[in-house]
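K.L.:
Coordinates for the following, if possible.
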Amino acid sequence: MIPAYNEAPRISRILQVVTTLPQLGEILVVDDGSADDTAAVARAVGGVRVIRLETNQGKGGAMAAGVAATDASVLLFLDADLVGLTQQHVLDLLNPVIAGEVDMSVGVFRGGRVFTDLAQVLVPYISGQRALIREVFSTLPGPEQRRSGIEAHLTRHARASRYRVRHVAIEGVTHAMKEEKLGLARGAVARARMYSEIIRVLLTPHGS
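P.N.:
Numbers count the residues shown, from 1 in each chain. The predicted structure is shown next:
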């Protein structure tokens, strides 16, 4: 599942990877109220199901809408703006969950960009690359309210509920930074908003 907001220039790159993997029973893109052609670009790729939300719900809302639209027992979440993702990276995330070794695997960037690598070393719980059994998400309180804090919320819930979590290094992967997408000023504002939403989640008592 790939939640996406204004990712038309970038999303085809990741779809070219995931659509060649027979292990993925369904590939779902949730267009979170994009103002660009994200949905059209995704629909143009064969084997992709697209759900379009009319208004922006935030990442947590997009993920919740996607989960509600599928009955898959194992969920895979990937960011739409990844650079350097390969089939093996996807399998490294999926296989431990499918094999029953863990309940959730979280991908952590290594050997990509210094800034994104450092961010994920310091706070790996914010990574958007993860595979998990459906139960982890279905027992998550209020995912649609968490916006960019959804990954922190998901990781904290998994730990508190004693689900088995494993960090998986995904070498050579990074993503487009907000300042590249939006320009320096707008990107900095968007980054500040994202981190404020993550901090809000971390300061909210679990289960609230």
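K.L.:
how much space is there between the most centrally placed residue in the chain and Ala185?
P.N.:
Centroid-nearest residue in the chain: Gly128, 3.3 Å away (criterion: CA atoms, centre = their mean). According to CB to CB, to the nearest Å, Gly128 stands 24 Å off from Ala185. In short, each C-beta sits where N, CA and C put it, glycine included.
K.L.:
Please apply the same query to Val90.
P.N.:
Distance, Val90 to Ala185, using CB to CB: 35 Å.
K.L.:
now Gly100
P.N.:
Relative to Ala185, and taking CB to CB, Gly100 is found at 47 Å.
K.L.:
between Val90 and Ala185, who's got more neighbours?
P.N.:
Counted by other CB atoms under 10 Å, Val90 and Ala185 do not tie: Val90 has more neighbours, with 23 against 9.
K.L.:
Quick check: mean pLDDT of the strand or helix carrying that one?
P.N.:
Per DSSP states H and E: Val90 is located in helix 87-98. When pLDDT is averaged over helix 87-98, the result is 97.
K.L.:
related to what we said a few turns ago, my guess is the residue nearest to the centre of the chain contacts Glu151, does it?
P.N.:
Yes: shown here, Gly128 and Glu151 form a contact pair, counting by CB atoms under 8 Å, at 5.8 Å.
K.L.:
For His175, give me its contacts.
P.N.:
Applying CB atoms under 8 Å, 6 or more residues apart in numbering to His175 gives the contacts Asp79, Asp81, Leu82, Val83, Thr116.
K.L.:
How about Gly66?
P.N.:
Per CB under 8 Å, 6+ apart, neighbours of Gly66: Met1, Pro3, Leu28, Val30, Ile51.
K.L.:
One more: Val74?
P.N.:
Val74 touches Leu94, Val97, Ile98, Ala131, Leu132, Ile133, Arg134, counting by CB under 8 Å, 6+ apart.
K.L.:
quick one, helices of this protein?
P.N.:
For the chain, the helices defined by DSSP state H occupy 11-18, 38-43, 58-68, 87-98, 114-122, 134-138, 150-160, 178-182, 184-203.
K.L.:
Out of these, name the one with the poorest average pLDDT.
P.N.:
helix 114-122 (a mean of 50).
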